[in-house]
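Novice: model this:
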Amino acid sequence: MPPPPLDPEVLARLRAHSTPTICNAVEAFDVRPRDQGFMNAQVRSILPHLPPMVGYAVTAKIAAAGRPEAPGGPNRHAFWQHVLSVPAPRIVVIQDLDPTPVGSYWGEVQANIHRALDCCGAVTNGGVRDVQEVAALGFHLFASCLLVSHAYVRLVEIGGPVRIGGLDVRPGDLLHGDRHGVTSIPIEVAPGLDAAVARLSRREVEVLSACRAEPFDLRELRRVYG
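Specialist: Residues are numbered from 1 along each chain as shown. Down below sits the predicted model:
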């Protein structure tokens, strides 16, 4: 059974920090290897001017290549019910099963629908389109590419584990993303991240002050950097 949602104030504090800062703070708790827990360069922010997003994952798998031989698979109504089963704010995480992405699930219409469902963004290893219209909504898009068509896009699976940019994501996982990329946040450390950020920031200030000192003193940098 997933843990209860975090206090909205905790989420607001997380949203105030960049994703690299959140990664640094998670490292301070030593709950996972430092080379895990975030998406690789396959997935990038398509709208990097937007502020950080924080939310709980809702998941699905899609395909868009080839006309389906017969109707079947989950429909979008069922997916919307899955979306609403996860606490808000929500981030839609969709794995594109096509070897080369050909059709976009995400455009102006889907962004509006999912924004109405209290989603703040979408993450996919596939492509997206209607970027200007989606940007006007303030809805985040993280993807591997831009695409012009929706082709034969259809849902293949909803609500199961997905793998995007090297990161395994399950429904209810807490995600944080900005212009740098997307990371997951272990729920158990989330309430303590703001304090961890403050500690790390104080150390960074000391290091930067040593670097900018006139005259520069290497011994002082060694002292504060460790």
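Novice: Tell me how many other residues surround the nearest residue to Thr183 once chain neighbours are set aside.
Specialist: Nearest in space to Thr183, with sequence neighbours left out and distances taken as Cβ to Cβ, 6 or more residues apart in numbering, is Phe38 at 3.9 Å. (Each C-beta comes from the backbone N, C-alpha and C, glycine too.) Per other Cβ atoms under 10 Å, the neighbour tally for Phe38 reads 23.
Novice: residue contacts, Phe38?
Specialist: With contacts defined as Cβ atoms under 8 Å, 6 or more residues apart in numbering, Phe38 is in contact with Cys23, Leu167, Gly181, Val182, Thr183, Ser184.
Novice: The same query, at a cut-off of 7 Å, please.
Specialist: Cys23, Leu167, Gly181, Val182, Thr183 (Cβ atoms under 7 Å, 6 or more residues apart in numbering).
Novice: Surely the last one touches Thr21?
Specialist: No - under the criterion of Cβ atoms under 7 Å, Thr183 makes no contact with Thr21, lying 10.4 Å away.
Novice: what's the overlap in contacts for these two?
Specialist: Going by Cβ under 7 Å, 6+ apart, no residue sits against Thr183 while also sitting against Thr21.
Novice: Run through who's touching whichever strand in the chain runs longest.
Specialist: What stands out as the longest strand in the chain, according to DSSP state E, is strand 53-63. Applying Cβ under 7 Å, 6+ apart, the contact partners of strand 53-63 are 11, 14-15, 79, 82-83, 86-87, 89-98, 105, 120-121, 140, 153-160, 162, 169-177.
Novice: helix/strand/coil for Pro51?
Specialist: Under DSSP: H, G, I helix; E, B strand; the rest coil, Pro51 falls in the coil class.
Novice: and it, how many neighbours?
Specialist: The number of residues packed near Pro51 is 11, by other Cβ under 10 Å.
Novice: before we move on, what about Gly37?
Specialist: As a burial measure, Gly37 scores 17 neighbours (other Cβ under 10 Å).
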